[in-house]
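> make a model of this:
(one chain, ligands or ions: 1)
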Amino acid sequence: MRRHMVLGAILLAGGLSVTAAARQQGGGQQAGAQAPRVVTVDKIKDNFYVMKGGGGNSSVFITGNGVVVVDTKNPGWGQPLLEKIKSVTDKPVVMIINTHTHGDHVSGNVEFPANVEVVTHENTKKNMEAMRPASFVAPPAGGPPPNIFTQNKGRGMPTRTYTSVMRLGSGDERIDLRYFGRAHTNGDTFVVFPALGIMHAADVFPNKGVPGADSNNGGSGVEYSATLRKAADFAAKNKIATIINGHNDTPSTVADMREYSRFVADYVAYAQRAKRAGKSVDEAVAGWKFPAKYTGYNTTANAARDKANFELIYKETK
Ligand SMILES: [Zn+2]
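Numbers count the residues shown, from 1 in each chain. Take a look at the predicted model:
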């Protein structure tokens with residue numbers, strides 16, 4: 001939520017000129033008091049990097065044919081991301097995979113060359129046609145930002161989609177896209193790099209904190225934990241050692257994902273019990289306490305996020 005609010009504040013402070021400059025320049029550093037857009041790099045393998053800052057974590061996979069990028073960050077961060085990719089390889093970017101529709105994961109698409117292939121789940125493509133704001137994020141003053149893809153005449157929109165499984169490439173360069181059901185949205189892709197033992201899970205497992213189930217984009221509270229469990233089972237079976245989270249400084253493990261699935265189940269069950277006990281959503285939010293058994297979690301209260309999640313869970317619960 002904080003990231004989105006900061007973005008909103010930046011857009012608001014600079015007005016349209018900032019977004020226009022950001023789109024054209026990528027960096028947009030000339031736009032007044034805006035902080036420089038710094039992308040940081042973690043090398044995970046010789047041909048695999050995680051690039052952080054400016055929204056969701058981006059994975060960068062260097063193949064013989066070119067570079068595959070998973071998620072492209074907030075508006076104005078595509079160019080800084082491209083520059084950072086140039087610092088680790090001479091190869092051109094040939095493919096973007098977007099894990100889901102949110103603006104902090106897809107907006108940089110419009111700053112990549114127009115011939116780059118963009119691959120998503122088919123529901124994510126539909127969601128990107130609308131670019132509805134996430135239900136669990138307070139909208140910035142002045143309302144949600146305009147649809148960046150409409151503004152760019154469709155540039156950066158998905159060119160290939162899948163529904164449950166997609167295989168890209170072969171041998172050590174194979175990439176598997178997997179959809180395990182609704183959770184954060186209704187189009188959450190897990191991007192698997194089998195030869196490297198890496199899975200990019202993005203915002204279904206953003207970090208160790210309260211999840212966001214986005215009712216505006218087909219997300220589900222009651223199905224969330226099962227989706228995570230299926231992903232963790234798949235990861236274990238396929239010897240995944242490294243999970244790239246949507247918003248965490250360091251990767252996590254399959255064990256972390258299993259624990260997160262249990263945490264989400266507890267969180268949802270709490271809301272369901274509150275509903276069945278006749279409590280209002282606000283009462284449920286006020287009564288929520290982070291279970292002490294989950295250690296190392298961000299337990300900072302986020303009432304707006306809890307409220308949006310619980311409203312959805314209430315609707316989904318008989
Ligand atoms: Zn998201």
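> what does the stretch 101-250 of the chain have sitting close to the ion?
Counting by CB under 5 Å from the ion, the stretch 101-250 of the chain comes close to the ion at 102, 203. The way it works is simple: take the backbone N, C-alpha and C, and place the C-beta from them, glycine included.
> now the helices for the stretch 101-250 of the chain?
Counting by DSSP state H, counting those that start in this stretch, the stretch 101-250 of the chain has helices at residues 103-106, 122-130, 148-151, 224-237.
> tell me which of the ones you listed is the most buried.
helix 103-106 (a mean of 26; mean count of other CB atoms under 10 Å).
> look through the stretch 151-300 of the chain and state the residue closest to the ion.
As assessed by CB to the ion, the ion sits closest to D203 within the stretch 151-300 of the chain, at 3.6 Å.
> OK, contacts around that residue?
56, 99-100, 102, 105, 184, 188, 212, 246-247 (CB atoms under 8 Å, 6 or more residues apart in numbering).
> need the helices of the stretch 101-250 of the chain in JSON lines (columns: mean pLDDT).
Output for the helices of the stretch 101-250 of the chain, formatted as JSON lines (pLDDT from 0 to 100):
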{"stretch": "helix 103-106", "mean pLDDT": "98"}
{"stretch": "helix 122-130", "mean pLDDT": "98"}
{"stretch": "helix 148-151", "mean pLDDT": "98"}
{"stretch": "helix 224-237", "mean pLDDT": "98"}
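> is it possible to get CSV of those helices that adds distance to V94?
Compiled in CSV, those are given as follows (distance: least, CB to CB, whole Å):
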stretch, distance to V94
helix 103-106, 18
helix 122-130, 19
helix 148-151, 20
helix 224-237, 26
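> ok so, going back, most neighbours out of the contacts of D203, which is it?
D188 (32 neighbours; other CB atoms under 10 Å).
> OK, contacts around that residue?
Here D188 is in contact with 99-100, 121, 179-180, 182, 202-204, 227 (criterion: CB under 8 Å, 6+ apart).
> where does pLDDT dip in the stretch 1-150 of the chain?
Low-confidence segments of the stretch 1-150 of the chain (pLDDT under 70): 1-33.
> by proximity to the ion, which residue of it wins?
Using CB to the ion, the closest approach of the stretch 1-150 of the chain to the ion is made by H102 at 3.5 Å.
> isn't that residue right up against T72?
No - if you go by CB atoms under 8 Å, H102 and T72 don't touch, sitting 11.3 Å apart.
> just the CA coordinates of stretch 74-89, formatted as CSV?
Extracted C-alpha coordinates of stretch 74-89, given in CSV (Å, rounded to 0.1, in the frame of the first residue of the first chain):
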residue,chain,number,x,y,z
ASN,A,74,5.9,1.5,-12.0
PRO,A,75,5.4,4.2,-14.7
GLY,A,76,8.8,5.7,-15.6
TRP,A,77,10.8,2.8,-14.3
GLY,A,78,11.0,0.8,-17.6
GLN,A,79,13.9,2.8,-18.9
PRO,A,80,16.0,2.7,-15.7
LEU,A,81,15.3,-1.1,-15.7
LEU,A,82,16.5,-1.4,-19.3
GLU,A,83,19.6,0.6,-18.5
LYS,A,84,20.4,-1.7,-15.6
ILE,A,85,19.9,-4.8,-17.8
LYS,A,86,22.4,-3.3,-20.2
SER,A,87,24.9,-3.2,-17.3
VAL,A,88,24.8,-7.0,-17.1
THR,A,89,24.4,-8.1,-20.7
